[in-house]
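S.K.: Have a look at this prediction, sequence included:
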Amino acid sequence: MNKQHSVPPEPLFDATRRQWFCRSGVGLGAMALSSLTHDRADAAPEDARTHPLSVRPAHYGGSAKSVIFLHMAGGPTQLETFSYKPKLAELDGAPPPPSMLAGKRFAFLKGKEKLLGPRRGFAQYGQGGTWLSDLLPHHRRIVDEICVLNGMQTDVFNHGPAKIFLHTGSPQMGRPSDGAWVTYGIGSEADDLPGFVVLQSGPRGPRNGAQLWSSGFLPTTYQGVAFRKGEAPILNLQPPPGIAGASQREFVAAVRDLNGLRLARVGDPEIRTRIAAYEMAYRMQSSAPELMDVKKETQQTLTAYGVEPGKPSFGANCLLARRLVERGVRFVQLYHTNWDHHGGGEDINTDLPVRCRQIDQPIAALIADLKQRGILDQTVVVWGGEFGRTPMGEERKTVGRDHHIEAYSMWMAGGGIRGGMTYGKSDELGMGVDDELVHVHDLQATLLHCLGLDHTRLTVRFQGREFRLTDVHGRVVKEILA
């Protein structure tokens, strides 16, 4: 669908020829929009005369209804978490084979670094014998629910572009994010909450910020809504003093009617976004405080997530994610920062254990809670970062690893994913993928598939070509589907 553009109001007595056509009852813009909607049997969602986030049929019956994406911003090391490499441990401190580095590019390595063996102990757990490091003791309880992807690969080794690539399918800014594509494709089941919500924890936000949950060239209805920490997640949600009840409802209705008149005149989908935003804000005045009030959760639940009411944390965001998908929110993204362990200020001996303690228990509680409530099989949970870390250490003051794009680990669970298995294998030193490679575009295609969306058919025409989340790549990894 071609992107529509709003036409700014102009004085009638000073109208240009183009503005006169736009304002006429048979304006060129209206004629073009009419032609598009009548000529296409598969008219895009914002062409429909419905709320832009109304539930729409998927391409086929999906196994999941919602997504929780746990992004460890910075690139967690697979060699101290999920990818066990005894040969690398054996060769700790040795120079890497010249063939291993031939033609390779890294962010900071100079080519003189030595192999760095894993700094943590590993053991196998669960019915599938999944390897876990001792940094993730709580994951042992959920290991039979997750599918570890040890053959992940991406294209971009700098943080900002790599994050954008993971979530939009392109390293360049301006493309719709995964959550925007999903809500554009199938809408949301939440009537009084956004369809796409973003939660953040850690010392700072992720690099590139709002670009990671942007709607790109899709209408802004589909962009992620970033919740703030604390009991007031959205600024300016409550009405000013003296405006409430019937008077506020009348105001919202009047604004809706005025916007509706403008929408009928120019056909700009951003006006429909504006209408939906007013209506959503009105409904969220009651739904948002109820959502954020975790005091109604049992003490057992709060303890399981490691949550202290009123205190922001990754655990609190995991609990909030469960509450969001329970209420029909389609896509929830959690960002946890400071996983960039080069050495120096942040290293894998001292800082990495801190990061793992912050996320290990809450994630295990989230998976167990979703399962106990009967909604894990309807929710796809994804864990990982924008890339992994190198088998070679960096020559800094303390122990660390550089960015690595050719072989790293992520995992998926729930919503049609086979649990208790490991898919993909890197070579004995962890440099490249030996078998069962999963590219970022494959991950995106598989995620959409679980929601009933064909990644080759979920497209939008913009600037003369068809765009999709997976660009011109991607395959559904059917081997990991239940």
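M.R.: That came through, no problem.
S.K.: tell me the mean pLDDT for stretch 128-142?
M.R.: Average pLDDT, stretch 128-142: 98.
S.K.: What residues of it count as buried?
M.R.: 128, 130, 131, 132, 133, 135, 136, 138, 139, 140, 142 (16 or more other Cβ atoms under 10 Å). Every residue, glycine included, has its C-beta placed from N, CA and C.
S.K.: Helix or strand: which one has residue 289?
M.R.: Element membership for residue 289, per DSSP states H and E: helix 269-292.
S.K.: which one is residue 223 nearest to, not counting chain neighbours?
M.R.: In space, and not counting its chain neighbours, residue 223 is closest to residue 215: 3.7 Å by Cβ to Cβ, 6 or more residues apart in numbering.
S.K.: swap that for residue 395, please
M.R.: residue 113 (6.0 Å).
S.K.: Contact partners for the residue lying closest to residue 337 once chain neighbours are set aside?
M.R.: Leaving aside its sequence neighbours, residue 337 sits nearest to residue 202 (Cβ to Cβ, 6+ apart; 3.3 Å). Neighbour list for residue 202: 73, 314, 335, 336, 337, 338 [criterion: Cβ atoms under 8 Å, 6 or more residues apart in numbering].
S.K.: Could you count how many residues lie near the last one?
M.R.: Applying other Cβ atoms under 10 Å, we find 18 other residues in the vicinity of residue 338.
S.K.: Repeat that for the fourth one.
M.R.: Number of residues near residue 336 (other Cβ under 10 Å) recorded here: 26.
S.K.: Backbone dihedrals for it, please?
M.R.: Note on residue 336: backbone dihedrals following degrees, to the nearest 10 are phi -120, psi 120.
S.K.: Report the beta-bridge partners for it.
M.R.: When bridges are taken as DSSP bridges, the partners of residue 336 come out as residue 72, residue 201.
S.K.: That one and residue 356, how far apart?
M.R.: Using Cβ to Cβ, to the nearest Å, residue 336 is found at 11 Å from residue 356.
S.K.: Show me the domain layout of this structure.
M.R.: Per automatic domain parsing, the structural domains of the chain span 12-41, 51-231+298-480, 237-292.
S.K.: Looking at those, which one is packed in the most?
M.R.: The highest mean neighbour count among the domains of the chain, using mean count of other Cβ atoms under 10 Å, belongs to domain 51-231+298-480: a mean of 20.
S.K.: Quick check: end-to-end length of that domain?
M.R.: Across its full length, domain 51-231+298-480 reaches 35 Å between end residues, using Cα to Cα, to the nearest Å.
S.K.: how far does that domain sit from the chain's center?
M.R.: 8 Å (Cα atoms, centre = their mean, to the nearest Å).
S.K.: and if you look at stretch 469-482?
M.R.: Going by Cα atoms, centre = their mean, where stretch 469-482 is centred and where its chain is centred differ by 16 Å.
S.K.: Which phi and psi values does the residue lying closest to residue 342 once chain neighbours are set aside adopt?
M.R.: Leaving aside its sequence neighbours, residue 342 sits nearest to residue 400 (Cβ to Cβ, 6+ apart; 4.1 Å). Dihedral angles of residue 400 (phi, psi; degrees, to the nearest 10) stand at phi -160, psi 180.
S.K.: returning to what we had before: the residue nearest to residue 223 falls within a strand, correct?
M.R.: No: Residue 215 is assigned coil when assessed by DSSP: H, G, I helix; E, B strand; the rest coil, not a strand.
S.K.: quick one: it and residue 182 touch, right?
M.R.: No: the criterion here is Cβ atoms under 8 Å, and residue 215 misses it with residue 182 at 11.4 Å.
S.K.: Skip ahead from the helix or strand harbouring residue 371 and say which helix or strand is next.
M.R.: Assigned by DSSP H and E, residue 371 belongs to helix 351-372. On the C-terminal side of helix 351-372, the closest following helix or strand by DSSP H and E is strand 379-384.
S.K.: which residues are in contact with that next one?
M.R.: With contact meaning Cβ under 8 Å, 6+ apart, strand 379-384 is reached by 64-72, 76, 146, 149, 152, 325, 363, 366-367, 370, 408-417, 443, 447, 450-451.
S.K.: Of those, which belong to helices?
M.R.: If you go by DSSP state H, the contacts of strand 379-384 have 325, 363, 366, 367, 370, 443, 447, 450 in helices.
S.K.: Tabulate the residues you listed (a markdown table), appending distance to residue 304 and pLDDT.
M.R.: Formatted as a markdown table, these follow (distance: Cβ to Cβ, whole Å; pLDDT from 0 to 100):
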| residue | distance to residue 304 | pLDDT |
| --- | --- | --- |
| 325 | 17 | 98 |
| 363 | 11 | 98 |
| 366 | 9 | 98 |
| 367 | 11 | 98 |
| 370 | 12 | 98 |
| 443 | 28 | 98 |
| 447 | 27 | 98 |
| 450 | 26 | 98 |
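S.K.: ok, which stretches of the stretch 201-350 of the chain are strands?
M.R.: All strands of the stretch 201-350 of the chain, identified by DSSP state E, counting those that start in this stretch, fall at 225-226, 331-336.
S.K.: Packing partners of the last one?
M.R.: Other helices and strands packing on strand 331-336, by 3 or more Cβ pairs under 8 Å, 6 or more residues apart in numbering; DSSP states H and E, are strand 66-72, helix 178-186, strand 196-201, helix 314-326, helix 351-372.
S.K.: C-alpha coordinates for the shortest one, CSV please?
M.R.: Okay, so that is strand 196-201. What follows is strand 196-201, C-alpha atoms only, in CSV (Å, rounded to 0.1, in the frame of the first residue of the first chain):
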residue,chain,number,x,y,z
PHE,A,196,2.9,-3.0,20.9
VAL,A,197,4.5,-2.1,24.3
VAL,A,198,8.2,-1.5,25.1
LEU,A,199,9.7,-1.9,28.6
GLN,A,200,13.3,-1.0,29.5
SER,A,201,15.7,-1.8,32.4
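S.K.: Helix 314-326 and that strand, what's the angle between them?
M.R.: 170 degrees (axes from the mean of the first three to the mean of the last three Cα atoms, to 10 degrees).
S.K.: what do you get for the second one?
M.R.: Here helix 178-186 points in a direction 10 degrees away from that of helix 314-326 (the same axes, to 10 degrees).
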